[in-house]
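In: Below is the sequence, then the predicted model.
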Amino acid sequence: MSCPIQHVAADRSAVDGHPQTDSRQLQEIPQPPEHYLTGNISDVNPAFLGGSFQRLAKIYGPIYKLNLLNREAVVLSSHELVAEVSDDSKFEKDIKGPQEKVRAFLGDGNVAPKDSKADRLT
């Protein structure tokens with residue numbers, strides 16, 4: 001099963017250190033219609049969470065988003081998508097503020113490592 005979101009070759013001309021993509025080719029993540037104040041909370045049955053997420057995946061596909069009391073959650077319901085977003089080699093880490101100070105004291109093993117491969121633990 002392939003990813004339902006079309007992959008876009010990123011233009012490597014960076015703005016503020018981030019590669020730019022052609023936004024015309026990006027697709028919006030599907031979402032159930034929201035209700036005033038509660039968002040999508042009524043779409044999830046707390047007594048049957050797994051079944052609720054499976055039902056929504058059948059309707060909206062393997063990736064969808066929910067607004068749960070003003071907090072947006074993106075739900076991935078396929079192994080392929082989870083593996084793709086879990087691949088650290090596809091993402092840059094931007095460590096700032098308190099994490100930077102913790103890294104200086106404890107080292108990379110306790111905080112997300114810097115982006116260079118030499119700093120990564122094996």
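Out: Perfect, thanks for sending it. Numbers count the residues shown, from 1 in each chain.
In: these two touch, right, residue 64 and residue 57?
Out: Yes. If you go by Cβ atoms under 8 Å, residue 64 and residue 57 touch, sitting 7.0 Å apart. C-beta coordinates here come from the backbone N, C-alpha and C atoms, glycine included.
In: Common neighbours of those two, please.
Out: Applying Cβ atoms under 8 Å, 6 or more residues apart in numbering, one finds that residue 64 and residue 57 are jointly contacted by 75, 77.
In: out of these two, which sits in the more crowded spot?
Out: Using other Cβ atoms under 10 Å as the criterion, residue 64 and residue 57 rank with residue 64 on top: 22 against 16.
In: Make sure I have this right: the more buried one is in a strand.
Out: Yes. According to DSSP: H, G, I helix; E, B strand; the rest coil, residue 64 belongs to a strand.
In: who touches it in this structure?
Out: Neighbours of residue 64 in contact, by Cβ under 8 Å, 6+ apart: 29-32, 56-57, 74-75, 77.
In: Please report how far it lies from residue 104.
Out: As judged by Cβ to Cβ, to the nearest Å, residue 64 and residue 104 stand 40 Å apart.
In: try residue 91
Out: With Cβ to Cβ as the criterion, residue 91 and residue 104 are 23 Å apart.
In: Tell me where this structure is predicted with low confidence.
Out: 1-24, 93, 106-122 (pLDDT under 70).
In: Only alpha carbons, please: show the top helix by length along it as PDB.
Out: Using DSSP state H, we find that the single longest helix of the chain is helix 49-60. C-alpha atoms of helix 49-60 as PDB (Å, rounded to 0.1, in the frame of the first residue of the first chain):
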ATOM      1  CA  LEU A  49     -11.400   4.000  20.900                       C
ATOM      2  CA  GLY A  50      -9.900   1.400  18.500                       C
ATOM      3  CA  GLY A  51     -13.200   0.900  16.700                       C
ATOM      4  CA  SER A  52     -13.800   4.700  16.400                       C
ATOM      5  CA  PHE A  53     -10.400   5.200  14.800                       C
ATOM      6  CA  GLN A  54     -10.900   2.200  12.500                       C
ATOM      7  CA  ARG A  55     -14.300   3.600  11.400                       C
ATOM      8  CA  LEU A  56     -12.800   7.000  10.700                       C
ATOM      9  CA  ALA A  57      -9.900   5.400   8.700                       C
ATOM     10  CA  LYS A  58     -12.400   3.500   6.500                       C
ATOM     11  CA  ILE A  59     -14.200   6.800   5.800                       C
ATOM     12  CA  TYR A  60     -11.200   9.200   5.500                       C
END
